[in-house]
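A.B. asks: Predicted model and sequence below, questions to follow.
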Amino acid sequence: MSKTALVVGSSGIVGSATADLLVREGWAVLGLARHPVAQQGVIPLAADLQDDASLGAALAGHRPDAVFIATWSRQASEAQNIRVNAAMIRNLLDALRPAGSVAHVALVTGLKHYLGPFEAYGQGALPATPFREEQGRLDVENFYYAQEDELFAAAARDGFGWSVHRPHTVIGKAVGNAMNMGTTLAAYAALCRETGRPFRFPGSSAQWSGLTDMTDARLLARHLLWAASTPQACDQAFNVVNGDVFRWSWMWGRIADWFGLTPAPFDGEILPLEVQMAQDASIWRSLAQREQLAEADLSRLASPWHTDADLGRPIEVVTDMSKSRKLGFSAYQATDEAFIELFSRLRTDHLIP
C-alpha cells in the first residue's frame with residue numbers, strides 16, 4: 001500500500017518540489033496551504049496554521065504517515081516571529097494527534113540557525129564556517145529554535161520520529177514566495193536588459209569574493225524523503241546544500257551570459273536590489289503587457305529584501321554535509337545549472353521574457 005504524505009506549504013518553492021517528488025515516488029500526497037495551487041497528483045487542503053478550526057476541518061479524515069513542513073510566516077519583530085511560527089507548528093501537530101498516524105515529521109528551517117534571525121542577521125559572534133550541525137544554537141532568540149522546540153516536544157509526547165533540514169538559499173520556482181533569490185535575479189536581469197541599466201552585483205565584497213553554496217529545491221526534496229525513509233536519519237538535524245561551492249564573482253557572469261548581458265564591474269560598494277528595483281513595478285507591468293507574461297505584479301516574483309540579506313553578508317558562507325554523506329545521502333546538483341534550469345522554466349512558463 002502506498003504511504004500518505006502531508007506537505008505543509010505546498011504552494012511554496014520547497015513544498016511544491018517536495019510534493020512533485022512524492023507523487024513521482026508513488027505516495028498519496030496532501031498539499032496544505034492557505035491558498036493551494038493546482039498541482040498534478042496532489043490533493044489540495046486549504047487551511048491557516050494560525051486557525052485551529054480551519055486546520056481541524058482540512059485534516060479531518062486524513063491519516064498521513066509523514067509530514068513535511070516547509071512554511072513560515074514573517075512578522076514585524078523576532079518576538080512576533082517566535083510567537084506566531086511556534087504556534088503554527090504546535091497547532092499543526094495538535095491537529096494531527098487524534099489520527100495517530102504520523103510516523104515522521106520533517107521540518108525545513110535554514111542557515112539562520114547559524115547566522116541569527118533577521119534582526120541580528122550575520123552580526124555578533126558567529127560560528128566558524130563551514131557550518132556544522134554540532135555547532136548548535138547561538139545565544140539569541142530565534143524563531144527556528146522555537147519551531148524546533150515545538151517539534152521535539154510533540155515527538156516526545158506522541159512517539160513519532162523527526163528530522164530538521166537546514167538548506168542554504170533555495171533555488172526553485174514559486175510565485176508569491178517571500179524568499180526567492182532565483183526569480184528575483186531573473187526579474188532583475190530582465191529589467192536591466194529592458195532599461196539598459198548595468199547588471200551590477202548588489203552585495204558585499206565578502207560575498208563577491210568569498211566561497212558560498214546554495215540548495216536546489218529538488219535536491220532538498222530528495223533529502224526530505226531520504227530522511228523520512230532512512231532509519232539512521234531519524235531524530236537528526238541536517239545541513240543540506242547542492243554539494244558544490246562557488247564565488248559570486250564567477251556566478252554573476254554565468255547569470256549575465258544567460259540573459260545576454262555584460263556584467264558590470266564590481267566596485268566593492270553595496271547597492272541593494274531593494275534600492276535598485278524600488279521604482280520598477282510600473283516598468284514590469286508594461287514589460288509584462290508587451291510580452292504577454294503570466295504575472296504583471298513584480299512583488300509576486302521578486303523579493304529584493306531577502307536576496308539583499310543573502311548577498312550582503314559580511315562573511316563567506318559554506319555548509320558542511322558530512323553528516324548526511326556518512327549516512328548515505330549522495331545527491332549532488334551543480335548550482336550554475338540549477339539557476340539556468342530555473343531561468344529556462346520561468347521563460348517557458350511566461351514568467352520572464
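C.D. replies: Yep, it's here.
A.B. asks: If you count contacts, what does the strand or helix carrying residue 188 end up packed against?
C.D. replies: Residue 188 is part of helix 181-195, with elements assigned from DSSP states H and E. On a contact count with 3 or more C-beta pairs under 8 Å, 6 or more residues apart in numbering; DSSP states H and E, helix 181-195 meets strand 170-171, helix 248-258, helix 273-276, helix 281-291, helix 304-311, helix 335-348. Just so you know, the C-beta spots here come from the backbone N, C-alpha and C atoms, and that holds for glycine as well.
A.B. asks: Output the below-cut-off pLDDT ranges for this protein.
C.D. replies: Scanning the chain for pLDDT under 70 picks out 1, 122-124.
A.B. asks: any idea which residue sits dead centre in it?
C.D. replies: residue 170 (4.5 Å; C-alpha atoms, centre = their mean).
A.B. asks: Tell me who's in contact with that residue.
C.D. replies: 13, 14, 179, 181, 214, 215, 216, 217, 220 (C-beta atoms under 8 Å, 6 or more residues apart in numbering).
A.B. asks: Count residues in the vicinity of the third one, would you?
C.D. replies: Read that as residue 179. The tally of other residues near residue 179 (other C-beta atoms under 10 Å) stands at 20.
A.B. asks: which parts of stretch 323-342 are buried?
C.D. replies: 323, 324, 329, 331, 333, 335, 336, 338, 339, 341, 342 (16 or more other C-beta atoms under 10 Å).
A.B. asks: what do you get for stretch 189-196?
C.D. replies: So stretch 189-196, judged by 16+ other C-beta under 10 Å, has buried residues 189, 190, 191, 192, 193, 194.
A.B. asks: Could you pull out the helices in this structure for me?
C.D. replies: 13-24, 52-59, 78-96, 112-115, 143-158, 181-195, 205-209, 217-229, 248-258, 273-276, 281-291, 304-311, 322-326, 335-348 (DSSP state H).
A.B. asks: okay if I get these as TSV plus distance to residue 235?
C.D. replies: Converted to TSV, these look like this (distance: least, C-beta to C-beta, whole Å):
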stretch	distance to residue 235
helix 13-24	20
helix 52-59	24
helix 78-96	15
helix 112-115	17
helix 143-158	8
helix 181-195	31
helix 205-209	34
helix 217-229	10
helix 248-258	36
helix 273-276	39
helix 281-291	46
helix 304-311	30
helix 322-326	13
helix 335-348	30
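A.B. asks: Tell me which of those sits nearest to residue 65.
C.D. replies: helix 217-229 (8.6 Å; C-beta to C-beta).
A.B. asks: circling back: ok, so of the buried residues of stretch 323-342, who is nearest residue 271?
C.D. replies: The closest of these, once distances to residue 271 are taken by C-beta to C-beta, is residue 339, at 20.9 Å.
A.B. asks: any idea how far stretch 304-319 is from the chain center?
C.D. replies: Centroid separation for stretch 304-319 versus its chain: 14 Å, with C-alpha atoms, centre = their mean, to the nearest Å.
A.B. asks: ditto for stretch 267-277
C.D. replies: 23 Å.
A.B. asks: In that stretch, which residues are buried?
C.D. replies: Neighbour-count burial for stretch 267-277 [16+ other C-beta under 10 Å]: 270, 271, 272, 273, 274, 276, 277.
A.B. asks: Show me which of those residues is closest to residue 51.
C.D. replies: Nearest member of the buried residues of stretch 267-277 to residue 51, counting by C-beta to C-beta, is residue 274, at 31.5 Å.
A.B. asks: Now for the closest one: which residues touch it?
C.D. replies: 304, 305, 308.
A.B. asks: ok, and the closest non-adjacent residue to the last one?
C.D. replies: Beyond its immediate neighbours in the sequence, the residue positioned closest to residue 308 (C-beta to C-beta, 6 or more residues apart in numbering) is residue 272, lying 4.3 Å away.
A.B. asks: hang on, that neighbour packs against residue 200?
C.D. replies: No. Counting by C-beta atoms under 8 Å, residue 272 sits too far from residue 200 to count as a contact (10.8 Å).
A.B. asks: contacts for stretch 6-16?
C.D. replies: 18-19, 22, 29-33, 35-37, 39, 42, 44-45, 49, 59, 62, 64, 66-71, 92, 96, 108, 167, 170, 172-174, 176-177, 179-180, 217, 220-221.
A.B. asks: got the contact list for the residue nearest to residue 200 when sequence neighbours are not counted?
C.D. replies: Nearest non-adjacent residue to residue 200, counting by C-beta to C-beta, 6+ apart: residue 264, 4.2 Å away. Residue 264 makes contact with 198, 199, 200, 201 under the criterion C-beta under 8 Å, 6+ apart.
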